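Chemist: Below are the sequence and a predicted model for it; my questions follow.
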Amino acid sequence: MKYPFQPRSTSYIEQGQFWAVPIGINKFSAGVVLALRSSNGKTDSRAFLAGLLDWSGDALPTKEDLIACSVLHKGFAHIKTITETGGEILGKTDPSWGIPESVEYTDSILTWGYNSIVKKACKAFSSS
């Protein structure tokens, strides 16, 4: 896989891939693909399980930055969550969150709007 790239569907995204989430001028957090979303055994082409990691910095996130990060928030998200916030997948970190590569849709996990991850990141890192 060549990074960075802008995903148009879930066909080329995989667990552990991450993108920058802007939280101010030259300040970023990181979103991550936690799992692909499936329903009745079929992978959704637009939605996936996204996570906000407990990292923020003054530069775009790197694989090394995210190695020991935990997930602050998770929710089902449309592929536009990536393209409308960070724009592109920057790389892939080794997933260590104990989530399978594909998860069935369930009402017990919230579905986020495109900009929800930015709002959650701004709230989480407003004093850092």
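Modeler: Perfect, thanks for sending it.

Chemist: Dump the longest strand anywhere in the chain to PDB, restricted to CA.
Modeler: Taking DSSP state E as the criterion, the chain has its longest strand at strand 42-57. Output of strand 42-57 as PDB, limited to C-alpha atoms (Å, rounded to 0.1, in the frame of the first residue of the first chain):
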ATOM      1  CA  LYS A  42     -21.500  -8.300   3.600                       C
ATOM      2  CA  THR A  43     -18.800  -5.600   4.000                       C
ATOM      3  CA  ASP A  44     -20.300  -2.100   3.800                       C
ATOM      4  CA  SER A  45     -18.700  -0.100   1.000                       C
ATOM      5  CA  ARG A  46     -19.000   3.300   2.700                       C
ATOM      6  CA  ALA A  47     -19.100   2.800   6.500                       C
ATOM      7  CA  PHE A  48     -16.500   1.600   8.900                       C
ATOM      8  CA  LEU A  49     -15.800   1.600  12.700                       C
ATOM      9  CA  ALA A  50     -13.600   4.700  13.400                       C
ATOM     10  CA  GLY A  51     -11.700   5.600  16.500                       C
ATOM     11  CA  LEU A  52     -10.200   8.800  17.900                       C
ATOM     12  CA  LEU A  53      -6.800   8.000  19.500                       C
ATOM     13  CA  ASP A  54      -5.400   9.600  22.600                       C
ATOM     14  CA  TRP A  55      -2.700  11.500  20.800                       C
ATOM     15  CA  SER A  56      -2.300  15.200  19.800                       C
ATOM     16  CA  GLY A  57       0.700  17.000  18.300                       C
END
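
Chemist: which parts of the helix or strand following it are buried?
Modeler: The helix or strand immediately downstream of strand 42-57 is helix 63-66, counting by DSSP states H and E. Across helix 63-66, burial judged by 16 or more other CB atoms under 10 Å covers D65, L66. The way it works is simple: take the backbone N, C-alpha and C, and place the C-beta from them, glycine included.

Chemist: Which elements pack onto the helix or strand following helix 63-66?
Modeler: Using DSSP H and E, the helix or strand that follows helix 63-66 in sequence is strand 71-78. With contacts taken as 3 or more CB pairs under 8 Å, 6 or more residues apart in numbering; DSSP states H and E, strand 71-78 sits against strand 27-39, strand 42-57, helix 116-124.

Chemist: Thank you, goodbye.
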